[in-house]
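**Student:** let me see the structure of the following:
(one chain, ligands or ions: 2)
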Amino acid sequence: MTQNMRWKMTQKMRITQNQKMMLVKDLSFSYNSKEVLKKISFEVKEGEMVFIIGPNGSGKSTLLKCLNGILKGKGAVYIGEMDVRRLSKREIAKIVGYVPQRCEVNHLTVFDTILLGRRPHIGWNIEQRDIEMVKKVIRLLNLENLSFRRLTQLSGGELQMVTIARALAQEPKILLLDEPTNNLDLKNQIEVMRILGEIARKEGISVITAMHDLNLASLYADRIIMLKDSRIIAMGGTEILTTENIERVYDVRVSILQHEGKPLILPA
Ligand code: ADP
Ligand code: MG
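**Tutor:** Ligands and ions are numbered 1, 2, ... in the order given. Below is the predicted model:
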């Protein structure tokens, strides 16, 4: 074993020992001269469901792209104790699954697309275990009837489900989802959130989701991060979903009801 391999193994072990999955410290990011993330800091624990909310253009997608190393900002992003910038794409993909806001369409079948999620784990050959994992995820998300359709023949919602399936097949420790329920009908919205909540709880996967639907976030969140103009305005449990915070972030008046101990947001 090389020294580098040994270093990476100890780092991986540390992720499970100290339960801190991700640490973001003073992260700033600019596109050309425009700063769209300003000194963002937070931690994510194992099995936590974290929602990033904020108006269009507040930096949610950019933040998710910094978390998985697609974009590199100033400041630090640690996965466990590993600096994202020191990891290769393949190493990141073994730990972090990412569902982008816009799904790519190609001529592959649904089955092959989900199998691509296994790529970071596959050595020379696709193994039975990889095929089994794809089948498991297809069953989990009820995609059996679509397995051999091509992506070009899917609706927006179906494509979204397949993209989520591909990320789950990757068996990540951290799952980043950018507005995953946007194209989904009500049943699939509930189904996807239920499945994500379950894998977070049972498998200790940390799920970080950018989302517009405050009520879905309220129902499923362990923690909410409110972004506005590139900064964190508020962060905490669902108790931060107050009329004041929502008005400050979205510039809109709302009423808040309590439903089974969770805030439910309605227009004022
Ligand atoms: P959100 O996901 O919250 O809607 P984004 O992270 O997509 O916000 O965008 C944050 C800001 O950065 C916006 O003002 C957006 O116009 C700008 N932006 C996003 N992507 C790019 C890019 N590739 N080049 C330049 N500016 C960008
Ligand atoms: Mg976005």
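**Student:** list the contacts of residue 183.
**Tutor:** Taking Cβ atoms under 8 Å, 6 or more residues apart in numbering as the criterion, residue 183 is in contact with 155, 156, 157, 159, 160. (Each C-beta comes from the backbone N, C-alpha and C, glycine too.)
**Student:** I'd like the residues you listed as CSV, with pLDDT, neighbour count and secondary structure appended.
**Tutor:** What follows is the contacts of residue 183, written out as CSV (pLDDT from 0 to 100; neighbours: other Cβ atoms under 10 Å; DSSP: H, G, I helix; E, B strand; the rest coil):
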residue, pLDDT, neighbour count, secondary structure
155, 92, 11, coil
156, 90, 12, helix
157, 91, 15, helix
159, 94, 21, helix
160, 93, 22, helix
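**Student:** contacting residues for residue 193?
**Tutor:** Residues near residue 193 by Cβ under 8 Å, 6+ apart: 181, 216, 219, 220.
**Student:** what's the average pLDDT for the helix or strand hosting it?
**Tutor:** In this assignment (DSSP states H and E), residue 193 forms part of helix 186-203. Helix 186-203 comes out with an average pLDDT of 92.
**Student:** how about it: buried residues?
**Tutor:** Counting neighbours by 16 or more other Cβ atoms under 10 Å, one finds that the buried residues in helix 186-203 are 188, 189, 191, 192, 193, 196, 197, 199, 200.
**Student:** the residue of the stretch 101-250 of the chain found nearest ligand 1 pairs with what?
**Tutor:** Among the residues of the stretch 101-250 of the chain, residue 210 lies nearest to ligand 1; the distance is 6.2 Å by Cβ to the nearest ligand atom. Note on residue 210: beta-bridge partners residue 52, residue 178, judged by DSSP bridges.
**Student:** list the residues that contact it.
**Tutor:** Each residue near residue 210 by Cβ under 8 Å, 6+ apart is listed here: 51, 52, 53, 60, 61, 63, 64, 101, 177, 178, 179.
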